[in-house]
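[1] Build me a model:
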Amino acid sequence: MKQYRYIILVAVTFLMGVSAMAQVDKKDVRRGNRDFRKENFREAEIDYRKALVKDSMSVAANYNLASTLYREGDYAQAMQTLERVKDVAPMSPASADYYFNLGDAALQQQDYQKAVEAFGESLIRRPDDLQAKENFIYAKKKLQDQQQNQQNQNNDQNQDNQDNQDQNDQNRNDDQNNQDQQNDQDKNDQNQDQNQDQNDQPQQSQGQQPKISPQAAQQMLQAIQAKEKETQDKVNKQKAEALKSRQKEKNW
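    Below is the predicted model of the structure:
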């Protein structure tokens, strides 16, 4: 993959009557170009920014500032600087290189969709540019890989979500089964307790009469006592008669 093109532009008028101020920033742009060639990128950046104070839409100043920022490793700012002149740069003589550099800056940001679009625009303006073709193919392959990875991540996420849902369902089923088993065990324990309580109750023998009331028991006791008194009275009477008989016999 070929990278950023450091084509240093000078301030020129590329639209008749539209950019008269382009000549105003010419001095600053040329100074910046000299610093850029010496690789004094910090000084070059200052020169190009001075030119942009005078003409913020200068294609030369923006293009060269973006090249400087790219060399300084500030790819995000380089791409933003090129974006500022996206409406006028396509009409400049350097439009093919503008889109080429925009594509390279997008690659550094891993914005492969934008890189594909930029290199495509560069090829439209310069179809025989082999470097642009190579970068276009590279960016397109990276975009496809990115989309495939995103799809795989989505599939993995969906699978993880499904697995989590299945696990939650299984946990709920296990909890329900455990609860059902506990309920069944509680019922069994309750039945066993009831059976044990019944076994602990005194069993009534076959043919046993039911319990009598206190009043009936009192009556039965009184009847027994009366019977005993009657029997005792008879015994006493018999003893008395026997004694009387013996006394008569003695008197004789």
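
[2] State the number of residues packed around residue 213.
    The tally of other residues near residue 213 (other Cβ atoms under 10 Å) stands at 8. (Each C-beta comes from the backbone N, C-alpha and C, glycine too.)

[3] Residue 83 too?
    Using other Cβ under 10 Å as the criterion, residue 83 is surrounded by 15 other residues.

[4] Identify the residue nearest it in space, chain neighbours excluded?
    When the adjacent residues along the chain are set aside, residue 83 lies closest to residue 102, with 7.7 Å between them (Cβ to Cβ, 6 or more residues apart in numbering).

[5] backbone phi and psi for residue 142, please?
    Residue 142 adopts backbone torsions of phi -60, psi -40, taken as degrees, to the nearest 10.

[6] Would you mind giving me the confidence score for it?
    Model confidence at residue 142, expressed as pLDDT, equals 94.

[7] Report the contact partners of the residue nearest to it when sequence neighbours are not counted.
    What sits nearest to residue 142 in space, not counting adjacent residues and going by Cβ to Cβ, 6+ apart, is residue 112, at 4.6 Å. Each residue near residue 112 by Cβ atoms under 8 Å, 6 or more residues apart in numbering is listed here: 106, 139, 140, 142, 143, 146.

[8] Separate out the buried members of the residues you listed.
    Buried members of the contacts of residue 112, scored by 16 or more other Cβ atoms under 10 Å, are 106, 139, 140, 142, 143.

[9] about what we covered before: distance to residue 61 and secondary structure for the contacts of residue 112 - can I get that in TSV?
    Putting the contacts of residue 112 into TSV (distance: Cβ to Cβ, whole Å; DSSP: H, G, I helix; E, B strand; the rest coil) gives the following:
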residue	distance to residue 61	secondary structure
106	21	helix
139	27	helix
140	32	helix
142	31	helix
143	31	helix
146	33	helix
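
[10] What residues does the residue nearest to residue 83 make contact with?
    Shown here is residue 102, whose contacts under the criterion Cβ under 8 Å, 6+ apart are 79, 82, 83, 114, 118.

[11] Report the secondary structure element holding the residue nearest the centre of the chain.
    Among the residues of the chain, the smallest C-alpha distance to the mean C-alpha position (Cα atoms, centre = their mean) belongs to residue 161, namely 8.3 Å. Per DSSP states H and E, residue 161 falls inside helix 130-200.

[12] which helices and strands sit right next to the next helix or strand along the chain from that helix?
    As assigned by DSSP H and E, the chain's next helix or strand after helix 130-200 is helix 214-251. Packed against helix 214-251, as judged by 3 or more Cβ pairs under 8 Å, 6 or more residues apart in numbering; DSSP states H and E, are no other helices or strands.

[13] How many neighbouring residues does residue 240 have?
    By the measure other Cβ under 10 Å, the count of residues near residue 240 is 10.

[14] do you know how far it is from residue 229?
    As judged by Cβ to Cβ, to the nearest Å, residue 240 and residue 229 stand 16 Å apart.

[15] swap in residue 223?
    In terms of Cβ to Cβ, residue 223 sits 11 Å off from residue 229.

[16] low pLDDT regions in the protein?
    Along the chain, the parts satisfying pLDDT under 70 run over 1-25, 193, 195-211, 242-252.

[17] Near residue 43, how many residues? Count them for me, please.
    16.

[18] tell me which element the closest residue in space to it that isn't next to it in sequence falls in.
    Spatially, and ignoring its direct neighbours in sequence, residue 43 is nearest to residue 35 (4.2 Å; Cβ to Cβ, 6+ apart). Residue 35 is part of helix 26-37, with elements assigned from DSSP H and E.

[19] Any buried residues in that helix, and which?
    Within helix 26-37, the residues that count as buried by 16+ other Cβ under 10 Å are 26, 28, 29, 31, 32, 33, 35, 36.

[20] what do you get for stretch 55-73?
    Of the residues in stretch 55-73, 55, 57-71 count as buried by neighbour count, 16+ other Cβ under 10 Å.
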